[in-house]
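K.L.:
predicted coordinates and the sequence they were generated for:
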Amino acid sequence: PPAPRRPEVVRGPRCRRARRAAVVLLLALGLARCAPTPRPVPPAAVTIAAGQAAELARQWAAEWEAFTGMRAAIDLTVKNQRRSDRTGAVLLVAPTAIRVEVATPFGFPALVATVGPDDVTIFRVLERRAHVGRPSPGAVERWLGVPLPPVTLIRLLIGNVPPPRDPGAIVVETTPSSHLAWTEDGVRHRVWVAASGRPARLVLDAGGGDHITAEFEWSVGGPIAGLRLGAPERAAELLVRYLSAEYVSSPPEALSAVREAVEAAGFTVESAELAMIPKATVAIAMCACRVTSGGPWQRPHVGGRFRT
């Protein structure tokens, strides 16, 4: 007798619909992975009165004097001519230092980067290698693609623009729209201001056609929500989306100093008091690692550990 034939599989309309649904799902997931990072939407700039420039400079200086620290969860995107990297990270900002931690999907640290007054350290934990360099615009550019002095990067990450040492050097320009302008250390600064008095856009021009732009996005009545730093001539861009941000409060013993700084800036303090004083505090070290290096930006072996 003839060998039995294998039963044929008859694909009905339900099976075909399931296959089409699976294809659509895969396409949607692929497009979601390729979706660009949403850019910060800077607030609309307002017209600045001629006598308002010095007042804004005092406001920004007072905010910086009162700043003690910030911790945030961020969506970080770094773009340059070769590649574009996007990742989630934890950001710690102090008045003189930055620490960025990127973790693996399993929770282990993959990269720890610190920028301080003494050096810039980028520690790739899984490779057990680190880049070490002096705190300079070139070191920041190697890491983030945007050549900025570390102290300027710190202030921009919290939405603060460093005013000039002499507030009288600020002028109000109206072309192409109303903004503040001044020149310090050979760098021309132009700042567009939102209705709240906070910066909306900053342009730094060091001459020679090389300039850096910064656009800020603010949450309603809260901390900074987004920052975009760009160096168009270098085809570099840094996008920071703040998923959550919390300012670190000053220690209780700093109440008098903070009040005096606010009053010295021309603001009136109606009341000031201490609440929820902690019984014990623990200092957090930004970085405690031992790195052996033979020169700037070499790749040494790391023999140390980070601690908090």
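P.N.:
Looks like it came in fine.
K.L.:
who's in contact with residue 50?
P.N.:
Contact analysis of residue 50 by Cβ atoms under 8 Å, 6 or more residues apart in numbering lists residue 172. Backbone N, C-alpha and C define where each C-beta goes, glycine included.
K.L.:
distance of it from residue 172?
P.N.:
6 Å (Cβ to Cβ, to the nearest Å).
K.L.:
and if you look at residue 100?
P.N.:
When residue 100 is compared with residue 172 (using Cβ to Cβ), they lie 36 Å apart.
K.L.:
so those two - more neighbours on which side?
P.N.:
Using other Cβ atoms under 10 Å as the criterion, residue 100 and residue 172 rank with residue 100 on top: 20 against 15.
K.L.:
which helix or which strand is home to the closest residue in space to residue 244 that isn't next to it in sequence?
P.N.:
Using Cβ to Cβ, 6 or more residues apart in numbering and skipping the chain neighbours, the partner closest in space to residue 244 is residue 73 (4.8 Å). If you go by DSSP states H and E, residue 73 is part of strand 70-79.
K.L.:
so what secondary structure elements neighbour the helix or strand following that strand?
P.N.:
For strand 70-79, the following helix or strand on the C-terminal side (DSSP H and E) is strand 84-94. Applying 3 or more Cβ pairs under 8 Å, 6 or more residues apart in numbering; DSSP states H and E, we find strand 84-94 packed against strand 70-79, strand 97-103, helix 150-157.
K.L.:
which stretches of the stretch 101-250 of the chain form strands?
P.N.:
Using DSSP state E, counting those that start in this stretch, the strands found in the stretch 101-250 of the chain span residues 109-115, 120-124, 129-133, 171-173, 179-184, 187-193, 199-205, 211-218, 224-231, 236-247.
K.L.:
adding distance to residue 143 and mean pLDDT, write those out as JSON lines.
P.N.:
Listed next are the strands of the stretch 101-250 of the chain as JSON lines, based on distance: least, Cβ to Cβ, whole Å; pLDDT from 0 to 100:
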{"stretch": "strand 109-115", "distance to residue 143": "6", "mean pLDDT": "89"}
{"stretch": "strand 120-124", "distance to residue 143": "6", "mean pLDDT": "89"}
{"stretch": "strand 129-133", "distance to residue 143": "8", "mean pLDDT": "87"}
{"stretch": "strand 171-173", "distance to residue 143": "33", "mean pLDDT": "93"}
{"stretch": "strand 179-184", "distance to residue 143": "25", "mean pLDDT": "94"}
{"stretch": "strand 187-193", "distance to residue 143": "21", "mean pLDDT": "95"}
{"stretch": "strand 199-205", "distance to residue 143": "18", "mean pLDDT": "94"}
{"stretch": "strand 211-218", "distance to residue 143": "15", "mean pLDDT": "94"}
{"stretch": "strand 224-231", "distance to residue 143": "12", "mean pLDDT": "94"}
{"stretch": "strand 236-247", "distance to residue 143": "10", "mean pLDDT": "92"}
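K.L.:
just put those in JSON lines and tack on distance to residue 260.
P.N.:
JSON lines is the format used below for those (distance: least, Cβ to Cβ, whole Å):
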{"stretch": "strand 109-115", "distance to residue 260": "30"}
{"stretch": "strand 120-124", "distance to residue 260": "34"}
{"stretch": "strand 129-133", "distance to residue 260": "38"}
{"stretch": "strand 171-173", "distance to residue 260": "30"}
{"stretch": "strand 179-184", "distance to residue 260": "26"}
{"stretch": "strand 187-193", "distance to residue 260": "26"}
{"stretch": "strand 199-205", "distance to residue 260": "25"}
{"stretch": "strand 211-218", "distance to residue 260": "27"}
{"stretch": "strand 224-231", "distance to residue 260": "26"}
{"stretch": "strand 236-247", "distance to residue 260": "20"}
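K.L.:
closest one to residue 160 among the ones you listed?
P.N.:
strand 199-205 (7.8 Å; Cβ to Cβ).
K.L.:
give me the sheet partners of the closest one and which way each runs.
P.N.:
The strands beside strand 199-205 in its sheet (DSSP bridges) come out as strand 187-193 (antiparallel), strand 211-218 (antiparallel).
K.L.:
show residues contacting the last one.
P.N.:
With Cβ under 8 Å, 6+ apart as the contact definition, strand 211-218 has outside contacts at 39-43, 146-148, 156, 159, 194, 196, 198-205, 224-233.
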